[in-house]
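Engineer: with the input below, show me the fold.
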Amino acid sequence: MSNYGNLQKIRDGKRTYGITPHIPGGFVLPDTLIKIANVAKKYNGVLKITSGQRILITNLKEEDLDDIWKELDMKPAVTNQYSVKNVEMCPANFCKRSKYPTIGIAMRISKNFHGMPLPNRTKIGVAGCRNACTSVYSKDIGVLVDIDGTFFVCAGGSAGFYPRIADIITKKLSEKEAYTLVETLLNYYNEHGQMGEKLGEFIDRIGIESFRKDVLEIANLKEEL
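Structural biologist: The predicted model follows:
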């Protein structure tokens with residue numbers, strides 16, 4: 001990584017780079033979107049809407065990266081690969097299927113935990129109903145709203161090299177309790193996980209029952225499955 005740009009391709013000895021500005025939840029103001037487009041156009045960049053609800057600007061020259069970041073005046077989406085990389089969220093507040101306006105808790109999670117150093121890269125998904133848009137069950141931590149409007153939290157999902165469906169930790173939570181549990185999960189993983197170990201691998205190593213018991217006890221929550 002150079003100037004928060006990732007090497008994308010080497011063709012005929014020429015290197016091209018990509019950068020990804022931080023756009024919480026994929027919600028972006030029109031003026032910011034216009035600025036991104038104008039900067040990309042100026043430096044012959046190519047825009048890619050990513051699966052992580054972000055905008056990748058690729059096809060860039062390494063010598064232009066500093067100027068591009070200055071002109072964007074935005075923070076990088078990722079500065080440490082072993083961290084909370086992003087918090088993906090559905091448009092619950094605007095969706096007819098949503099059982100709860102979850103953008104608030106999702107933005108709070110993003111604001112407080114995005115970039116948090118952890119044993120391995122970690123993705124969080126938040127969804128306002130059990131349709132689980134943002135592929136919540138394949139995220140390291142998932143926050144969902146049940147049919148009755150209460151929250152439940154799952155952990156250990158992965159859609160990567162070793163796919164894994166997340167385990168439900170507990171149900172029947174309030175918004176405040178769900179947030180507390182997310183914070184507890186991250187801190188517990190950070191304290192007890194091994195470097196390079198994904199959250200799902202950590203859960204498999206110590207056992208889901210032990211993991212669930214510990215985090216619920218720390219968070220002072222009951223098991224409801």
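
Engineer: and Lys171, what helix or strand is that in?
Structural biologist: According to DSSP states H and E, Lys171 maps onto strand 167-173.

Engineer: now Leu7
Structural biologist: Short version: Leu7 belongs to strand 6-11, going by DSSP H and E.

Engineer: quickly run through the sheet partners of that strand, with directions.
Structural biologist: Strand 6-11 has its sheet partners listed here by DSSP bridges as strand 14-19 (antiparallel).

Engineer: buried sites along stretch 9-23?
Structural biologist: Thr16, Tyr17, Gly18, Ile19, Thr20, Pro21, Ile23 (16 or more other Cβ atoms under 10 Å). Yep, even glycine has a C-beta here, placed from its N, CA and C like the rest.

Engineer: how near is the nearest residue to the second one once chain neighbours are set aside to Ile19?
Structural biologist: Spelled out, it's Tyr17. In this structure, Tyr17 finds its nearest non-sequential neighbour in Gly5, 3.9 Å apart by Cβ to Cβ, 6 or more residues apart in numbering. Plainly put, Gly5 is 5 Å away from Ile19 if you go by Cβ to Cβ, to the nearest Å.

Engineer: buried set for the longest helix seen in the chain?
Structural biologist: Scanning the chain for the longest helix, with DSSP state H as the assignment, gives helix 175-192. Across helix 175-192, burial judged by 16+ other Cβ under 10 Å covers 175, 177-189.

Engineer: can you pull out the strands in this structure?
Structural biologist: For the chain, applying DSSP state E gives strands covering 6-11, 14-19, 46-49, 55-60, 84-89, 122-127, 141-145, 151-155, 167-173.

Engineer: pLDDT value on Asn3, please?
Structural biologist: Here, the pLDDT recorded for Asn3 equals 65.

Engineer: could you do the one 4 residues further on as well?
Structural biologist: Predicted confidence (pLDDT) at Leu7: the value is 85.

Engineer: that one and Asp66, how far apart?
Structural biologist: From Leu7 to Asp66 the distance is 16 Å (Cβ to Cβ).

Engineer: circling back: next, the angle from the longest helix of the chain to strand 122-127.
Structural biologist: 170 degrees (axes from the mean of the first three to the mean of the last three Cα atoms, to 10 degrees).

Engineer: would you mind splitting this protein into its domains for me?
Structural biologist: 6-72, 84-219 (automatic domain parsing).

Engineer: and those domains, which is most packed in?
Structural biologist: domain 84-219 (a mean of 19; mean count of other Cβ atoms under 10 Å).

Engineer: how long is it end to end?
Structural biologist: One end of domain 84-219 to the other measures 20 Å (Cα to Cα, to the nearest Å).

Engineer: just the mean pLDDT for that domain, thanks.
Structural biologist: 97.
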